[in-house]
Every structure is written in structure tokens, then in C-alpha cells.
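Visitor: structure for this input, please:
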Amino acid sequence: MTAFDELKRQAAAKRDAAIREARKEYRETIRSLDGLRCKLAPKKRKRSSVPLHERILQVIPTDACFTVSDLESWLGLNYSDHDLIRSTLYRMIKRGQIKRMRRSRCREVAMFASVEYGPSVSKWDDMTLVEAAETVLRELGRPISAMALGTWLRSDCRCKNDAQVVA
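Guide: Numbers count the residues shown, from 1 in each chain. Prediction:
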């Protein structure tokens with residue numbers, strides 16, 4: 001064996017030892033990161049034995065309106081559950097378990113109430129003037145002037161949002 005071959009063998013052994021050491025350090029680092037990930041990972045939320053719509057029915061007041069934020073605090077839920085609550089409320093409205101008292105608009109939040117609360121809600125109560133105007137025109141089946149339509153809607157108090165002017 002020549003001196004050159006001996007140097008190549010020593011260099012390869014040195015390289016292999018460095019690779020083994022790097023792999024060992026890598027495995028230890030990955031193991032410690034896995035342990036840290038397990039410690040810091042968010043805990044999975046336990047699935048409640050009572051469905052959300054039943055829990056909502058248990059906590060809502062029968063003598064007052066409530067908002068989605070109120071439900072979050074009463075049920076001890078996070079803001080991340082906001083969409084879950086809204087979709088559940090939508091289904092409960094469709095089933096007739098609760099009613100919407102006010103839609104959310106610009107700076108107003110939506111208000112909900114149990115079906116026992118307050119006066120009954122007619123189809124006109126939750127409409128804007130534009131929606132009410134479309135409904136009236138559809139029911140009349142004939143065109144009328146905007147002035148007559150606005151006067152008719154305001155005089156009959158058909159909708160809550162009568163501060164708008166129909167032009």
C-alpha cells in the first residue's frame with residue numbers, strides 16, 4: 001500500500017467519523033424537538049357530550065336579547081369559535097328554536113332572543129326599506145312611483161329601518 005492510499009484511507013475514516021457524529025447530533029436534536037413539541041402543542045378540545053345547540057338553549061335568557069359575544073362568555077368559548085356559534089344560531093333560527101331580533105349592520109351587532117321573548121316577528125320586521133320595497137312591488141304586480149312607495153312604507157310602518165329616504 002502506498003503512502004497516497006494510506007492518506008486516502010485516513011481521510012475517509014475522518015470523514016466517516018464526522019458524518020457519524022453529525023448524524024448522532026441530528027438525531028438528539030430531533031428527539032429533543034419532538035419532546036418540546038409534545039409539551040407545547042395545543043391541547044385538543046374535548047368533544048362535549050351535550051351538543052352546542054342544546055348548551056345554547058340552556059344558557060340563553062328568556063327575558064332579554066343576546067349577542068354572539070354574550071354566548072361566547074356564557075359558554076366559556078374562545079373568539080375562534082365565533083363562526084361555529086354563528087352557524088349554529090343560523091340553524092337554530094331555521095328550526096324555530098330562537099329568533100333574530102336585529103341583523104348586524106354597520107356598527108350594530110346582531111341580536112337574538114329565545115322564541116318566548118317579546119312580540120312575534122313578522123316578515124316586515126327584519127327588512128330594510130329596499131327589501132320591503134321589492135316585496136311590495138312583487139306583491140302589487142304593478143309599478144308605482146318611488147315617492148308613493150316610500151310614503152306607503154312609512155305610513156304603514158312596515159319596516160324598522162324607516163330612517164332611509166327612498167329616492
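Visitor: gap between the most centrally placed residue in the chain and residue 89?
Guide: Geometric centre of the chain, nearest residue: residue 83, 1.3 Å, by CA atoms, centre = their mean. Applying CB to CB, to the nearest Å, the value for residue 83 to residue 89 is 11 Å. For every residue, glycine as well, the C-beta is placed using N, CA and C.
Visitor: do you know the pLDDT at the residue nearest to the centre of the chain?
Guide: Looking at residue 83, its pLDDT is 86.
Visitor: check which helix or strand it maps to.
Guide: For residue 83, the host element (DSSP states H and E) is helix 82-95.
Visitor: report all helices and strands that whatever helix or strand comes next after that helix contacts.
Guide: Under the assignment DSSP H and E, the closest C-terminal helix or strand after helix 82-95 is strand 98-102. Under the contact criterion of 3 or more CB pairs under 8 Å, 6 or more residues apart in numbering; DSSP states H and E, strand 98-102 touches helix 82-95, strand 111-114.
Visitor: what do you get if the cut-off is 10 Å, keeping everything else the same?
Guide: helix 52-59, helix 82-95, strand 111-114 (3 or more CB pairs under 10 Å, 6 or more residues apart in numbering; DSSP states H and E).
Visitor: many thanks, I have nothing further to ask.
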